[in-house]
Structure formats: C-alpha cells, structure tokens
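Trainee: Okay, structure incoming, though there's no sequence with it:
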DNA sequence: GACGGTCTGTGTACAGCGTATCAGCCGTGG
DNA sequence: CCACGGCTGATACGCTGTACACAGACCGTC
C-alpha cells in the first residue's frame, strides 16, 4: 500500500466517501465499467498474486480498458482498496440470531477468519474507513449481545476483544504465508526447510532456550485451526467469566 | 510496503538472514554506516511521517550518503524493514520473572502495546520473518508460563492468544490514527467532524440500528486505554478459566 | 615504504508505479 | 444540420526500488 499518505491535502473535511458518492445520482446506465466489476477484478488479482500485484495499470489490463479508466469511479488507489475490502466483507454471511451470544460470537469469529484467510491481503488494509459491509459485522455482534444487560461500552468491548483476537491471529497465520511468497518459496516443503534453517541459526545463539524447547516438544505446531479455536475458546470463556454473562 | 513480493526469485532456499550475515566476519571497524545507524534513521522517519515516507532515497538523504549506500548492508527494502522492526523490538523491556504468570503476561501485553503505539507502522510490517529481538518476546512469555504444567503446544497457544489480541487491538487503534493522516486531517477536532459526517451518512441508511444506538449511548468511546485493558482482562481471565491455571 | 586486494560508498540508468492533464470522440439539444 | 459538453484514451511527470559499473580507502604482505 504505497499510496497511503500521498493524497494528504487532496481532500479535506468536505470529503465524500465512495459509498455516499456512488449512491447519489445514478448518472447513466453504465455498461462496461461498474464499481462492482472493478472491485471484483482487483480482488481476483490480489487473491491470486497479492496486494502488490494490484496496480492501476494491471487492473486496467484485466478489465480491458485504458489505464486511467477506473479513476472515473474512485478518486485514487486508496478508494480502490476500500472498494475491495467492502467487496470481500460482502461475501461473509453473518450468523443470524441464535439466542445464545456465545454461539453467535463463535460462529462470527470463524466466519471472519475464513474470509480473511481466503483474502489474506485484507489484513494489510485495515487502515481504511469503515465500509458499509464492514460495519455490518459489529452490527450483527451487537445484536447478538443485546438483552444481556451490558451497557453500550461494554458490549462494544466484547465485540472488539473477539475481533481483535481474530484479526491478530489471522494476521500471524497470514504472515507466514506471505513470507513464503516474499522468499520465493513455492512448495511447502521448501518453505519449511528454508524457514527452519534460518530459525536454526537464531536458536543456535542460545538466547532462546524456552523457544528451543517448544520447537522440540510441540506436536501441533502446524495445526493452525486447533490453535485458533483453542485461543478463541479462551477469549469467549474470559468474556463470559469476566462479565458474568 | 510495495516491495513485498518483488524479489521473489532473487534468493531461494540458500537464503541467509540479515542477522546471520551481520554476525559472521566482523570485517572492519565500520565508521559512517552501520546497520544500527541505518535502522535508527529509518525508524525515525517512519515514526515521524509514516512507513511510506521511508524510501531508500529519503533514507540516504537522512544519513548523508548516496542513494544506494544502504544496499551494502541490506539486500533490499524488505530487509531494511526487518532491521527496523528488530530495532523497535529491541527497545521493549520485557518483564522479568514475577512468579505469577498472569502478572507477567499482563505487563507484557501493556509493554507490547506501548511499543506498537509508539511506532504505529510496525503493525503493518508483521509479514517479515522473526527477528532476534522479536523472538525474545515469546521467549519471555514461555519462561513465565513454565512450571504450570502446560504442554508446549498449550503454552504457545496462551502466548499466541495474548499477542493476537494485543496486535489486533493495537491495529484497530492505529487504523484510526492512520486514517487521519491519509485524509489530511491534522487536528483531532477536524478529524472527528470529518469521520463523524461520513459515519452519519452510513448510519442514515438505517442498516445499522444497533451501531447507531451504541454511538448514542456509549460514554467511553474514546477511552482506548480502558477498552484495551478491559479486553485484556477478559482474555487473561479466559486463559485462567479455560486451562485451569 | 610500496603494492594488490578487499571493502565501502558513488553515479548513472532502467522499468514500473500513481496519477494530472489534455486531446479527441460521442451522443444530444438547437 | 451543426455546436456543444461530458466521457474516454493517451501522453507525460515525478517518484519509486534497485542493477550495475566505478572510485577511493584501508588492509596485510613483501
């Protein structure tokens, strides 16, 4: 995301979000290009080759239009990424009312993880303003927490705590995946050996005896699903315990 | 971080990490440029103006050397960022043995948050391989968890859960800050009004009644410290509860 | 004290990026 | 029929990361 701070003084307080702008006039029956089509193409590229592969030129090629064409719909690359993020969140099916906050939050966490893992670049784009479909997530969570007697602040903390955990965990998972791509390790085995040799050197310094023991004793180092769910259970137990709900 | 996937096939499995390389010969008493000086200058720029302001040319200007000079010490920008991350983690003072895992983990979480907030760009650079000073964090955590009867896998889950939460939470905090810079909002008040107007439009769609109520009822929306600590208490309670420790 | 080799920093160059700007084209109102 | 005004495409600029060839400084050796 190289563009994050570029357009600083381009728009100031009378900034109008993409969403608001797109909603307004419906100026003509757009045919070739639509925000949705743009977002879809960009997401496809990002999924396949990473966020850095998404360039305005590449996107244009993918869509079969001129390099600058997409600028008719977004003011810059930042907004393109907003569109992409929203597109991704749109595909998440949020859990409905189950009558049990814990079940709902559990499902929600798993769903978020699925989506973020499927589009691993999203975790790198969290700096953008909330998009409509992104806002639907806390909406669903707050609905699930309604009626438990929590005040508004506390309910939001519950939501934040769960999503913070999910985002942090997925970020760590994704970090490894991305490292593979950076290093050009394609096969899983190649990656393991490459990372292992590097780690071996670090451990050989003797600075990390506990970590070394972990490497030696651990049996579920690669069971990311188990790790995630175990941590999630802790988080949910903690919320239940701490808030007496 | 535009360079993340560029140097794919440059080095393959016989990749040697910066750390290993720097340790090896001790070739001469470096004078003008050292990895530490490079990292320090880069971190200063990133702290002041964001990660995107850190360019090889800018860094060179800052150090008073030619644009390509730093390439003598790092193979590319990715390694520069590794150096920067390690530099930051080096300044974290890790909690010593307290005899109480919960106290130690609590302190650790707060310390990590402090450091990450002080260098808010770090959360965007988590994809890199573990650096020595980064590895010192799980080392300290595992040491604190030793002797509780947890198996290696579970101990690591405890550590991961806490840091996942911390990273996720800080990431969310930082996201807001960064949005300000992107939008060119300098003052806090200006930011609030700008964000509020955008949010107002989203809420006016009526899609988010629960969220709207939260906005109306919440009193501690800006007390990030309280939110963080409350969530952290939940997480720690949950670990204690779930694992019976 | 002179010398050759290694290490350190410099200069130039290139491909690719985001995007400002302008020229041309189109459908439409007169 | 023409003039016009908004959409589209191409060109251009300044910036990026970095490959590459080079010059100077320091070293151990003779």
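Mentor: Perfect, I can see it now. On a predicted model such as this, the values are computed, not experimentally measured, just so you know. Residues are numbered from 1 along each chain as shown, chains lettered A, B, ... in the order given.
Trainee: Could you use CA atoms for every contact and neighbour count after this?
Mentor: OK.
Trainee: hang on, isn't residue A:242 packed against residue B:239?
Mentor: No: the pair residue A:242 / residue B:239 is not scored as a contact, 11.4 Å apart, by CA atoms under 8 Å.
Trainee: Look at those two and report which has more neighbours.
Mentor: residue B:239 (27 against 17; other CA atoms under 10 Å in any protein chain shown).
Trainee: Can you say which helix or strand has the more buried one in it?
Mentor: Element membership for residue B:239 (DSSP states H and E) is helix B:224-243.
Trainee: which strands and helices sit next to that helix?
Mentor: With contacts defined as 3 or more CA pairs under 8 Å, 6 or more residues apart in numbering or on different chains; DSSP states H and E, helix B:224-243 has these neighbours: helix A:152-183, helix A:224-243, helix B:101-118, helix B:152-183.
Trainee: Could you say which one of these comes nearest to residue B:76?
Mentor: Residue B:76 lies closest, by CA to CA, to one member of these: helix A:152-183, at 11.5 Å.
Trainee: And the closest one, what does it pack against?
Mentor: helix A:101-118, helix A:132-145, helix A:224-243, helix B:152-183, helix B:209-217, helix B:224-243.
Trainee: 10 Å - rerun?
Mentor: Judged by 3 or more CA pairs under 10 Å, 6 or more residues apart in numbering or on different chains; DSSP states H and E, helix A:152-183 is in contact with helix A:101-118, helix A:132-145, helix A:188-204, helix A:224-243, helix B:152-183, helix B:209-217, helix B:224-243.
Trainee: follow-up on the earlier one: ok, which of the helices and strands packed on helix B:224-243 comes nearest residue B:66?
Mentor: helix A:152-183 (26.6 Å).
Trainee: How is chain A divided into domains?
Mentor: Listed by automatic domain parsing, the domain ranges of chain A are A:18-89, A:94-243.
Trainee: can I get these in a markdown table with mean pLDDT?
Mentor: Shown next, in a markdown table, are those (pLDDT from 0 to 100):
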| stretch | mean pLDDT |
| --- | --- |
| domain A:18-89 | 84 |
| domain A:94-243 | 92 |
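Trainee: Deepest-packed of these, please.
Mentor: domain A:94-243 (a mean of 19; mean count of other CA atoms under 10 Å in any protein chain shown).
Trainee: before we move on, back to that, what's the overlap in contacts for residue A:242 and residue B:239?
Mentor: Here residue A:242 and residue B:239 have A:236, B:233 as joint contacts, going by CA atoms under 10 Å, 6 or more residues apart in numbering or on different chains.
Trainee: sorry, back to before: could you figure out how far the helix holding residue B:239 is turned away from helix A:152-183?
Mentor: Orientation check (axes from the mean of the first three to the mean of the last three CA atoms, to 10 degrees): helix B:224-243 against helix A:152-183 gives 80 degrees.
Trainee: Helix B:101-118 and helix B:224-243, what's the angle between them?
Mentor: Going by the same axes, to 10 degrees, helix B:224-243 is angled at 140 degrees with respect to helix B:101-118.
Trainee: Just put the domains of chain A in CSV and tack on distance to DNA strand D.
Mentor: As requested, those are arranged in CSV below (distance: least, CA to the nearest atom of the strand, whole Å):
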stretch, distance to DNA strand D
domain A:18-89, 5
domain A:94-243, 10
